[in-house]
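Engineer: 3D model of this:
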Amino acid sequence: MAQFLFFKPTGDNMATKAAVPAHLEVMRGWLGTKEIPGPKANPIIAGTPQSWSALVDRPDITSDEVANCAMAVGAALVAAEFFKAGYKLTDLIKGGPSALTILAEHGIYVPLPPKDQRLLARSYTSYGVDARKNPGPGCIMVLPRGAAWQGHAVLLDTDLGGGRWRCIGANQSDTTSYAEHHVSEAVAIRRYVAPTVQDLRTAGSKGIERADMQQASGGGLVLAGVGTAALQGTMQAPAAAPAVDPVSMQPLVDQTGVVHSLVSTASSLGQMFVQNPWLVGIIFAGGYVWWLGRSGKLKRVKDYIANAVLSQHQPA
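Structural biologist: Numbering: from 1, shown residues only. Predicted coordinates for the structure are as follows:
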């Protein structure tokens, strides 16, 4: 990752690369990023196509003196997926598509809080899934700060034991740095969940669970209908045609007995469905229920991408 603009991996980063989530590694690369007093802005934070504000699709933010802790968290999540997809921040140019747009064009989506709330630390209190009982590196800790609607967002980095964590966050004395916090201080501790059916299922999404049950029920109905049809078709099928001589050079179509048998069997099955329309109904109903389950999964993923909310305190 050393090739990426504004990303400065350290020896510690690289040594633990395989042990930490990619977005935590990205945030570590931003350690030491400072705000610039006055009208100028640190280009890592705001004002460029590669800055945090642009990464979270808020290019309208051109000052680095805004509250940027939540912006940095979102930017790390986006940058991690951008890098995984094989891109560099230098691929982002003025007037060009944003990282989120480029990823979406390739079917890669990064859930973020609603656009008008991405600079608010407390927008992450309902992000992903609750991880207070099992926090780990890369989890987002939201801490109280200022008024009731305000807060501070950091990433858990190193478990110090006894509920204490070494955390990394932006806008800490106007810089990106480490600070220690106890889990009891947190308003919320949330874990990122990728927007895929499998990841949502693993996270405990009730929506995906219900859709799985629908698909299983629908598939069961289809199999029951087809199995019944096959059984009745076998019972009503005409006697088997004479076996084809394996050494004969005569084409299969000339084996009139085989052709006659196939036609008779198809006719018998068709007649069986006409006489038992309920079998068609069972198969059709099963297919429809299965389709509803599949559509439900796709909708759940789409909804998750739209607002990143699985649940407030426990899996949805």
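
Engineer: quick one, helices of the stretch 51-200 of the chain?
Structural biologist: 52-55, 69-84, 99-105, 197-202 (DSSP state H, counting those that start in this stretch).

Engineer: helices and strands around the longest one, which ones?
Structural biologist: What that stands for is helix 69-84. For helix 69-84, the contact count by 3 or more Cβ pairs under 8 Å, 6 or more residues apart in numbering; DSSP states H and E identifies helix 22-29, helix 52-55, helix 99-105, strand 151-161, strand 164-169 as packing neighbours. (Glycine included, C-beta is placed from N, CA and C.)

Engineer: counting neighbours, which bits of the third one end up buried?
Structural biologist: For helix 99-105, a neighbour-count test (16 or more other Cβ atoms under 10 Å) marks 99, 100, 102, 103 as buried.

Engineer: rewinding a little: right, and the helices of the stretch 51-200 of the chain - which one's nearest residue 145?
Structural biologist: helix 69-84 (8.8 Å; Cβ to Cβ).

Engineer: now stretch 154-165: mean pLDDT?
Structural biologist: pLDDT averaged over stretch 154-165 equals 96, rounded to a whole number.

Engineer: ok, and for it, which residues are buried?
Structural biologist: 154, 155, 156, 157, 158, 165.

Engineer: on that earlier part again, dump the buried residues of helix 99-105 into TSV; add pLDDT and distance to residue 93 as well.
Structural biologist: As requested, the buried residues of helix 99-105 are arranged in TSV below (pLDDT from 0 to 100; distance: Cβ to Cβ, whole Å):
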residue	pLDDT	distance to residue 93
99	96	11
100	94	15
102	95	11
103	94	16
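
Engineer: among those residues, which pair sits farthest apart?
Structural biologist: The most widely separated members of those, counting by Cβ to Cβ, are 100 and 102 (7.4 Å).

Engineer: tell me the domain boundaries of this structure?
Structural biologist: Domain segmentation of the chain under automatic domain parsing yields 11-192, 206-307.

Engineer: contacting residues for the most centrally placed residue in the chain?
Structural biologist: Taking Cα atoms, centre = their mean as the criterion, residue 195 is the residue nearest the geometric centre of the chain, at 1.4 Å. Contact partners of residue 195, counting by Cβ atoms under 8 Å, 6 or more residues apart in numbering, are 109, 110, 111, 301, 304, 305.

Engineer: how about a cut-off of 6 Å?
Structural biologist: Residue 195 makes contacts with 109, 111, 301, 304, 305, as judged by Cβ atoms under 6 Å, 6 or more residues apart in numbering.

Engineer: TSV for the helices and strands packed on helix 69-84, including distance to residue 144?
Structural biologist: Converted to TSV, these look like this (distance: least, Cβ to Cβ, whole Å):
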stretch	distance to residue 144
helix 22-29	21
helix 52-55	23
helix 99-105	29
strand 151-161	6
strand 164-169	14
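
Engineer: which one, of these, ends up nearest to residue 228?
Structural biologist: Each of the helices and strands packed on helix 69-84 was scored for nearness to residue 228 using Cβ to Cβ, and the closest is helix 99-105 (45.3 Å).

Engineer: what packs against the closest one?
Structural biologist: Of the remaining helices and strands, those touching helix 99-105 by 3 or more Cβ pairs under 6 Å, 6 or more residues apart in numbering; DSSP states H and E are helix 69-84.

Engineer: any regions of the protein where pLDDT drops low?
Structural biologist: Low-confidence segments of the chain, defined by pLDDT under 70, are located at 1-18, 232-276, 307-316.

Engineer: what are the boundaries of the strands in it?
Structural biologist: Counting by DSSP state E, one finds strands in the chain at the ranges 129-130, 140-144, 151-161, 164-169, 177-182, 188-191.

Engineer: how far away is residue 206 from residue 212?
Structural biologist: Between residue 206 and residue 212 the distance, using Cβ to Cβ, to the nearest Å, works out to 10 Å.

Engineer: what of residue 117?
Structural biologist: Here the distance between residue 117 and residue 212 works out to 31 Å (Cβ to Cβ).

Engineer: for residue 108, same thing?
Structural biologist: As for residue 108, its distance to residue 212 is 24 Å (criterion: Cβ to Cβ).
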